[in-house]
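> Below are the sequence and a predicted model for it; my questions follow.
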Amino acid sequence: MEKKFRLRASADFRRVRKEGRSWAHPLLVLYMVPNTLGHNRFGFSVSRRIGGAVERNRVKRRMREAAWLFKDELNQGWDMVLIARAPISDAQFRLVKQAVEILLRRACLLRAADDSIHPYRTPKD
C-alpha cells in the first residue's frame, strides 16, 4: 500500500478513534472519519492480545490485503482504522475479507451501482 494511503501517526489514529464513527464485527472493528485529502487512508491495529509479533504481522497483512481489494469500490475522502479482535487469528482469509466488506457496507463506504454520494455527507454545489 502506498504511503499516501496509510495512516501512520499516532495522532491520526487517536483522531479517527475519538472523532469517528464505529462499526463492529466479531473479527474486526472499523472506525472512520472524513478527511480533506480526496483519497482514503487506512490504518491497521493489532493488539498484543492477538499473539506474538509473527502472528500480529500475519493478521495485519491479511487485514491490509482485504481492505486493499475494495479500494476501487470505495467512496473517497475517508480515514479508516481497522482494529483486529481476538478470533481473527484463527480465521481464514476469506472470512477476514468478508468481515471487511460487511463493515464497509454498514458504513456506506462501498459505492452503489448508481455511484451515489455518502449519506452522511452533504452534496457539494
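That came through, no problem. Numbering: from 1, shown residues only.

> Enumerate the positions of the worst-scoring helix or strand of the chain on mean pLDDT that are buried.
Using mean pLDDT, DSSP states H and E, helix 10-19 stands out as the lowest-scoring helix or strand of the chain, at a mean of 90. Within helix 10-19, the residues that count as buried by 16 or more other C-beta atoms under 10 Å are Asp12, Phe13, Arg15, Val16, Arg17. Glycine gets a C-beta too; all of them are placed from N, C-alpha and C.

> Correct me if wrong: the second one contacts Leu7.
Yes: contact criterion C-beta atoms under 8 Å: Phe13 and Leu7 qualify, at 6.2 Å.

> Can you tell me what sits against whatever helix or strand Arg58 lives in?
Here Arg58 sits within helix 53-68, counting by DSSP states H and E. Around helix 53-68, the neighbours that count as contacts under C-beta atoms under 8 Å, 6 or more residues apart in numbering are 1, 28, 42, 44, 46-48, 50-51, 80, 82, 84, 88-89, 93, 96-97, 99-100.

> which of the residues in stretch 26-46 are buried?
Those would be 27-33, 35, 40-46, for stretch 26-46 by 16+ other C-beta under 10 Å.

> Kindly provide the distance from His39 to Leu104.
16 Å (C-beta to C-beta, to the nearest Å).

> what's the answer for Asn35, then?
Asn35 sits 16 Å away from Leu104 when distances are taken as C-beta to C-beta.

> Also Phe44?
Distance from Phe44 to Leu104, by C-beta to C-beta: 14 Å.

> what does Tyr31 give?
With distances taken as C-beta to C-beta, Tyr31 is found 12 Å from Leu104.

> list residues touching both of the two?
With C-beta under 8 Å, 6+ apart as the test, Tyr31 and Leu104 reach no residue in common.

> Look at the closest residue in space to Pro26 that isn't next to it in sequence and report its pLDDT.
Closest residue in space to Pro26, ignoring its immediate chain neighbours: Pro87 at 5.8 Å, by C-beta to C-beta, 6 or more residues apart in numbering. The confidence metric pLDDT takes the value 91 at Pro87.
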